[in-house]
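> coordinates only, no sequence provided:
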């Protein structure tokens with residue numbers, strides 16, 4: 001077996017410093033892009049001059065951030081790369097943290113240098129961000145506009161770094177200072193932003209007041225998670241490098257064995273061997289290309305994580321609460337943007353191994369005149385999911401959990417339902433639906449096969465988008481804590497979609513998961529997925545690998561199942577009773593009686609809400625120790641068939657057999 005050397009990614013980078021992602025050296029003259037990634041001014045200038053181009057109908061040039069690929073437009077037309085780089089904002093935080101008296105630019109007074117004089121520098125002005133001499137320090141005291149500048153002894157590096165500077169000007173309004181925080185949008189604002197974009201927001205405070213609530217222990221925990229996430233990503237990078245080496249070694253080994261057999265009958269096999277090798281080389285090139293693309297994306301993300309960890313750790317050590325709050329929020333936005341980019345990529349199905357099932361080339365050449373191809377096996381890596389699980393950034397999960405926590409304070413055996421919206425005259429009876437935002441639901445239609453989005457923000461809901469499908473869609477469930485990422489069952493396979501509803505509604509298919517057993521109804525718990533078809537009920541892992549499968553016959557036209565997000569238990573209807581099982585498919589409780597139950601859902605206290613083919617819902621307390629009927633206010637429904645609970649527990653969706661559905665507020 002041939003030996004392969006595996007390089008260690010970013011092996012020589014010190015993690016407590018901010019390094020330029022282009023030159024990999026400590027940042028000099030730090031300039032940052034709107035995505036907050038920081039570069040040396042000469043490096044970003046060179047990058048702009050080599051990559052800036054017009055995109056589609058844009059009149060100004062644009063570049064992509066070298067780290068996260070975010071598009072950045074030039075500030076104006078016909079700007080040179082030197083001017084563009086110079087006009088980028090200086091990262092004062094990084095500049096302050098990296099002040100070194102031994103650097104050439106800090107040895108002489110910069111004010112005197114501009115006057116063509118060479119005078120040794122002894123001080124550092126934290127506002128001018130430059131080294132100055134004794135005379136220029138005195139000049140600061142004489143000029144009123146300079147008297148408030150903070151000046152420290154350049155020889156005392158601890159004193160220079162004792163009060164770090166953070167850029168607090170607005171990215172969109174250059175002359176305005178960030179002084180307001182909008183809790184509704186989680187955004188830093190200047191006075192112009194506040195008037196133009198946040199005047200209707202109700203939860204707005206000054207940054208100074210909001211920063212008083214910053215918990216340093218919480219930030220220290222985030223730093224630890226960044227460090228852990230960086231280690232996880234680095235391990236993934238090393239794993240991909242090792243996989244690349246292993247595949248290359250395996251390929252070389254197979255080629256050597258093949259060559260030995262080819263020599264025995266070379267006169268007959270030359271042409272067939274050449275054809276086979278070309279095909280194998282292409283498979284290998286595609287495989288290695290896939291791994292290299294994924295490695296490159298992970299390396300870029302590693303840079304984001306490492307930079308975030310270093311910066312936040314430095315601010316935690318030396319910064320004020322306000323600076324800590326601003327920096328943490330900026331880094332979280334940066335991390336969310338980069339993770340969204342990773343989620344949008346379709347590169348995470350990796351080659352796993354090469355197999356050569358038949359090496360009897362003499363027999364092959366005598367029958368088909370060609371060799372049997374090498375078979376490439378692949379596997380789903382779940383890399384993005386692993387990143388999301390270990391990432392400390394605030395996202396949809398935290399938002400949903402905070403809202404769930406508030407709803408959990410209610411006594412769910414006493415809640416009422418108030419109708420918010422009703423959709424009438426659906427084209428057919430619809431059995432499955434799901435919330436994809438607080439004001440949008442998606443319903444599975446089988447004729448024609450489609451997924452339809454309905455706006456429920458008004459009393460009468462309406463269809464606002466139809467996504468046509470090649471096959472009939474059935475059950476739906478969320479793929480995680482994000483409302484707009486869902487799994488849709490098409491019997492033999494599951495499609496993973498991201499549905500964007502912010503401006504225009506778009507469906508993005510993230511991946512397809514092929515199933516070994518048909519699944520119609522699907523429901524996701526914390527660690528397992530519960531599914532059912534017309535002959536079996538199934539418990540599988542979160543990647544839909546089957547763990548348990550038992551015979552089952554639904555009582556209606558289609559099966560209905562529900563999973564608890566609290567206890568990882570699952571429920572279904574059998575012989576008119578509600579059966580609850582654990583994640584190992586062990587039955588733990590069942591309801592009394594024989595009733596015409598249909599769709600069901602766990603509430604936030606693990607009680608069970610169930611449709612019973614009437615206008616009323618039945619609610620069983622956890623363990624079926626008591627029950628009650630719920631008559632939703634203002635309901636027109638008289639044959640409810642399925643019930644879906646919003647992940648935050650704030651709303652309920654009811655479907656009935658008379659081609660209509662309603663959304664209710666839980667109060």
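Received the coordinates, thanks. Just so it is clear, the structure is predicted and the values come from calculations on it, not from any experiment.
> only C-alpha atoms from now on, for both contacts and neighbour counts.
Fine.
> now do the contacts for residue 635.
By Cα atoms under 8 Å, 6 or more residues apart in numbering, the contact set of residue 635 is 419, 615.
> and the pLDDT at it?
We have a pLDDT of 71 for residue 635.
> just how off-centre is the longest helix along the chain within its chain?
Counting residues, the longest helix found in the chain (DSSP state H) is helix 266-318. Averaging C-alpha positions (Cα atoms, centre = their mean, to the nearest Å) puts helix 266-318 21 Å from its chain's average.
> ok, then the element right after that helix?
Where DSSP states H and E defines the elements, the next helix or strand beyond helix 266-318 is helix 321-344.
> give the partner strands of the helix or strand following that next one in its sheet and their orientations.
The helix or strand immediately downstream of helix 321-344 is strand 349-355, counting by DSSP H and E. With DSSP bridges as the test, strand 349-355 is paired with strand 375-380 (antiparallel).
> any idea how this protein splits into domains?
According to automatic domain parsing, the chain comprises the domains 30-160, 180-211, 216-394, 417-666.
> among the ones you listed, which comes closest to residue 171?
domain 30-160 (7.0 Å; Cα to Cα).
> packing partners for the longest helix of the chain?
Identification of packing neighbours for helix 266-318 by 3 or more Cα pairs under 8 Å, 6 or more residues apart in numbering; DSSP states H and E yields helix 216-264, helix 321-344, strand 349-355, helix 361-367.
> from these, which stretch is densest packed?
Of all the helices and strands packed on helix 266-318, helix 321-344 has the most neighbours on average by mean count of other Cα atoms under 10 Å, namely a mean of 19.
> thought residue 122 was touching residue 130?
No: using Cα atoms under 8 Å, residue 122 is not in contact with residue 130; the gap is 10.8 Å.
> ok so, going back, between the domains of the chain, which gets the lowest average pLDDT?
Among those, domain 30-160 scores lowest, at a mean of 82.
> and for residue 122 and residue 130, which residues touch both?
residue 109.
> mind listing what's buried along stretch 73-90?
Applying a neighbour-count criterion of 16 or more other Cα atoms under 10 Å, one finds 73, 74, 81, 84, 85, 86, 88, 89, 90 buried in stretch 73-90.
> C-terminal to the longest strand that the chain contains, what's the next element?
What stands out as the longest strand in the chain, according to DSSP state E, is strand 506-519. Using DSSP H and E, the helix or strand that follows strand 506-519 in sequence is strand 521-524.
> any idea how far residue 355 is from residue 45?
Distance from residue 355 to residue 45, counting by Cα to Cα, to the nearest Å: 48 Å.
> work out for me the element residue 556 sits within.
For residue 556, there is no enclosing helix or strand under DSSP H and E.
> which one of the helices and strands packed on helix 266-318 lies closest to residue 107?
Nearest of those (Cα to Cα): helix 321-344, 28.9 Å.
> the closest one to helix 266-318, inter-axis angle?
Angle of helix 321-344 versus helix 266-318, following axes from the mean of the first three to the mean of the last three Cα atoms, to 10 degrees, is 160 degrees.
> mind giving me the packing neighbours of helix 321-344?
In terms of contacts (3+ Cα pairs under 8 Å, 6+ apart), helix 321-344 is packed against helix 207-211, helix 266-318, helix 383-390.
> highest mean neighbour count out of those helices?
Mean neighbour counts for these (mean count of other Cα under 10 Å) peak at helix 266-318, with a mean of 18.
> before we move on, the earlier item: among the buried residues of stretch 73-90, which are located in helices?
Of these, the ones assigned to helices by DSSP H are 81, 84, 85, 86.
> take those and write them to JSON lines, including distance to residue 367.
Putting those into JSON lines (distance: Cα to Cα, whole Å) gives the following:
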{"residue": "81", "distance to residue 367": "64"}
{"residue": "84", "distance to residue 367": "66"}
{"residue": "85", "distance to residue 367": "66"}
{"residue": "86", "distance to residue 367": "70"}
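> just these now: which is nearest residue 20?
Using Cα to Cα, residue 85 comes nearest to residue 20 of those, at 14.5 Å.
> against residue 45, how distant is the closest one?
Counting by Cα to Cα, the gap from residue 85 to residue 45 is 5 Å.
> about what we covered before: take the helices and strands packed on helix 266-318 and write them to JSON lines, including distance to residue 417.
Formatted as JSON lines, the helices and strands packed on helix 266-318 follow (distance: least, Cα to Cα, whole Å):
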{"stretch": "helix 216-264", "distance to residue 417": "37"}
{"stretch": "helix 321-344", "distance to residue 417": "35"}
{"stretch": "strand 349-355", "distance to residue 417": "44"}
{"stretch": "helix 361-367", "distance to residue 417": "71"}
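> didn't residue 575 look like it was pressed against residue 556?
No: contact criterion Cα under 8 Å: residue 575 and residue 556 do not qualify, at 10.6 Å.
> so residue 139, which of the three states?
Following DSSP: H, G, I helix; E, B strand; the rest coil, residue 139 is assigned to helix.
> so what's the residue count around it?
13 (other Cα atoms under 10 Å).
> ok, back up a step: winner for burial among the domains of the chain?
domain 417-666 (a mean of 19).
> between the buried residues of stretch 73-90, which is closest to residue 272?
residue 73 (52.9 Å).
> bridge partners for the closest one, pull those for me.
The partner residues for residue 73, given DSSP bridges, come to residue 62.
> relative to residue 169, how far out is it?
Residue 73 is 19 Å from residue 169, where distance means Cα to Cα.
> equivalent analysis for residue 540, please.
Taking Cα to Cα as the measure, residue 540 falls 51 Å from residue 169.
> wait, doesn't residue 28 sit right on residue 40?
Yes: counting by Cα under 8 Å, residue 40 is a contact partner of residue 28 at 5.1 Å.
> how close does residue 19 sit to residue 519?
Distance, residue 19 to residue 519, by Cα to Cα: 50 Å.
> hmm, I was thinking of residue 206
In terms of Cα to Cα, residue 206 sits 52 Å off from residue 519.
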